[in-house]
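Student: pasting the structure only:
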């Protein structure tokens, strides 16, 4: 029997895991200062190609302009960075699933 069949598989793959499209704080610099940014703007600019369970904002990068960002989830450090620049993060409900 080949070696790859003798060695057991590792870990657990959760079939119900929720996947989010990720946008980093540093990516927001392409938008104008003071603008409202939502999921539609992410799709139009190509920052998000498609989202599974929604869009999540993460804190990689720096932001110097104030923005109002509408996302489904955001990390605590991303919210701190946006608010430190004078903006705000508004959490929106997750999109409804299509059957």
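Tutor: Received, thanks. Quick caveat: nothing in here was measured; it's all calculated off a predicted structure. Residues are numbered from 1 along each chain as shown.

Student: how close does the residue nearest the centre of the chain sit to residue 86?
Tutor: The centroid of the chain falls nearest to residue 56 when counting by Cα atoms, centre = their mean (2.3 Å). If you measure residue 56 against residue 86 using Cβ to Cβ, to the nearest Å, the figure is 22 Å. Glycine gets a C-beta too; all of them are placed from N, C-alpha and C.

Student: quick one: the helix or strand bottoming out on mean pLDDT in the chain to chain centroid distance?
Tutor: Using mean pLDDT, DSSP states H and E, the weakest-scoring helix or strand in the chain turns out to be helix 3-6, at a mean of 86. Put simply, helix 3-6 sits 38 Å off its chain's centre (Cα atoms, centre = their mean, to the nearest Å).

Student: what residues sit buried inside stretch 62-82?
Tutor: Across stretch 62-82, burial judged by 16 or more other Cβ atoms under 10 Å covers 63, 67, 69, 70, 71, 72, 73, 74, 78, 79, 81, 82.

Student: any chance of CSV for the residues you listed, columns secondary structure, distance to residue 10 and pLDDT?
Tutor: Formatted as CSV, the buried residues of stretch 62-82 follow (DSSP: H, G, I helix; E, B strand; the rest coil; distance: Cβ to Cβ, whole Å; pLDDT from 0 to 100):
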residue, secondary structure, distance to residue 10, pLDDT
63, coil, 39, 92
67, coil, 41, 92
69, strand, 38, 96
70, strand, 39, 97
71, strand, 33, 96
72, coil, 31, 95
73, strand, 28, 95
74, strand, 32, 97
78, helix, 32, 96
79, helix, 35, 96
81, helix, 36, 95
82, helix, 38, 95
